[in-house]
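>>> kindly return the folded structure for what I paste below:
(2 chains)
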Number of protein chains: 2
Amino acid sequence: MRLGQLQSMDVSLHVIRRLPRYLRELDDLMSEGVRHISSIELGRRMGFTPSQIRQDFSYCGAFGVQGYGYSIPPLREGVAKMLGMDRDYSAVLIGAGKLGRVLLEHFSEVAKGYHLRAVFDSDCALIGSKIGGHAVRSVSGLGAFVEKNKIDIAILAVPKEQAQPVADALTESGIRAIWNFTNTEIETGEKEIPVEDVHFSDSFLTLSYFLAQADREKSPK
Amino acid sequence: MRLGQLQSMDVSLHVIRRLPRYLRELDDLMSEGVRHISSIELGRRMGFTPSQIRQDFSYCGAFGVQGYGYSIPPLREGVAKMLGMDRDYSAVLIGAGKLGRVLLEHFSEVAKGYHLRAVFDSDCALIGSKIGGHAVRSVSGLGAFVEKNKIDIAILAVPKEQAQPVADALTESGIRAIWNFTNTEIETGEKEIPVEDVHFSDSFLTLSYFLAQADREKSPK
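A predicted model of the protein is given here:
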């Protein structure tokens, strides 16, 4: 089910979605040679209030020191740990088309700490060919592979029509989470399997709404 | 600024983000030959409450009829109009690398009603080559092109290091909105220019959080 629908959430989805942004900001600070920062300064950089930052970091078990702020290296580790980056999780990619290949290329950067274990496709012309060091496997073997290798996350980059059948195979094989690029909603049945949708058209049209709204306000019809 | 930070919002961002999903669902229903639907049935299909659906559609000027529900074609048009799909907006793509090319390929489907007017890149090896029917232009001409052609939306698919300089050129030239794939936040200065971020790593790590959280609950350390 989509992340917003999950029942078991101790921390709000808003907080969770801010964690990866903190991680990027802390990495930037580290690469600038900065080793500690106050919640006020970090808030100024990120457009958050200091109290929001202090509260968010408290979820990661990190507490600042009055007059000194946060020591960045342990704070960064705390955030990374919250995000599961220290857990050697594994992933498979389903869909070796153009989008899948772009995701594959960026994967090691996007998902630090994760292991991409295999790539699947249903296209006979692709099966057997090598993509990013992976020989493309037939999607018919997906379920068995996921089950045998206890794969954690599936990256779904197949055409819309194949989204649900592939999702069914994944959920039956014990997949734990799905990153969904198919531009359609998928059902995961009874199990509470988190699905994160990246729907390009939804994202674009949301932006488009703001243009149209500005024009409606300029010249109401 | 990011959409959540925009001041001038009559309708909440949650509602706005649901509109593209309604559009997809209504398109699916139309292609199934369905011509009217009740808020109860639509809610069942989409996992929303009927009252939420009625409220969302009222923003689009659409009201159902007791015992009949909504007539789908005008409802679909109302939602599409709210999203600016009838306004002949124009777009440019900056960054003709692999991600840019995938976006370009999907653009006509992702952004129905939009016109992609030009593609820019800073790589001499790409400038002049044809991609998706567009001759890649030098990014040095970006500002003048946006200004002269009154471009509405910029699709930013450049490397992280180039994100801010390109964003600066865009905002100075009067761009109205930015769809940002650079995996970094961009500043748009004083102007209230909506920016929609599609940060792959943030999205992936949000999903990863839920795996780690489930494992923490299973075996607390």
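>>> confidence score at the closest residue to residue A:210 other than its chain neighbours?
Using C-beta to C-beta, 6 or more residues apart in numbering or on different chains and skipping residues adjacent in sequence, the residue nearest residue A:210 is residue B:194, 4.3 Å away. Yep, even glycine has a C-beta here, placed from its N, CA and C like the rest. The model reports residue B:194 with a pLDDT of 95.
>>> contact partners for residue B:194?
A:207, A:210, A:211, B:1, B:2, B:3, B:6, B:177, B:178 (C-beta atoms under 8 Å, 6 or more residues apart in numbering or on different chains).
>>> what subset of these is buried?
A:207, A:210, A:211, B:1, B:3, B:6, B:177, B:178 (16 or more other C-beta atoms under 10 Å in any protein chain shown).
>>> give me the lowest-pLDDT entry from these.
Per-residue pLDDT puts residue B:6 lowest of these, at 69.
>>> about what we covered before: and of the contacts of residue B:194, the nearest to residue B:170?
residue B:178 (6.4 Å; C-beta to C-beta).
>>> elements contacting the strand or helix carrying the closest one?
For residue B:178, the element it lies in under DSSP states H and E is strand B:177-180. With contacts taken as 3 or more C-beta pairs under 8 Å, 6 or more residues apart in numbering or on different chains; DSSP states H and E, strand B:177-180 sits against helix A:200-218, strand B:153-156, helix B:160-172, strand B:195-197.
>>> ok, the residue nearest to residue A:210 to residue B:162 distance?
The spacing between residue B:194 and residue B:162, counted by C-beta to C-beta, to the nearest Å, is 21 Å.
>>> where in chain A is the helix or strand with the lowest mean pLDDT?
Every helix and strand in chain A was compared by mean pLDDT, DSSP states H and E; the lowest is helix A:98-110, with a mean of 89.
>>> and chain B, is that one touching that?
Yes - Helix A:98-110 reaches chain B (C-beta under 8 Å from any C-beta of the partner chain) through A:98, A:99, A:101, A:102, A:103, A:105, A:106, A:109, A:110.
>>> which elements pack onto the longest strand along chain A?
Longest strand of chain A, by residue count under DSSP state E: strand A:115-121. Applying 3+ C-beta pairs under 8 Å, 6+ apart, one finds that strand A:115-121 makes contact with strand A:90-94, helix A:98-110, strand A:134-135, strand A:137-138, helix A:142-149.
>>> among the helices and strands packed on strand B:177-180, which is nearest residue A:19?
strand B:195-197 (15.0 Å).
>>> just to revisit the earlier point, between all of the contacts of residue B:194, which two are at the greatest distance?
Among the contacts of residue B:194, A:211 and B:2 lie farthest apart (C-beta to C-beta), at 15.5 Å.
>>> coming back round to it: just the closest of the contacts of residue B:194 to residue A:56, please.
Within the contacts of residue B:194, proximity to residue A:56 (C-beta to C-beta) peaks at residue B:2, which comes in at 16.5 Å.
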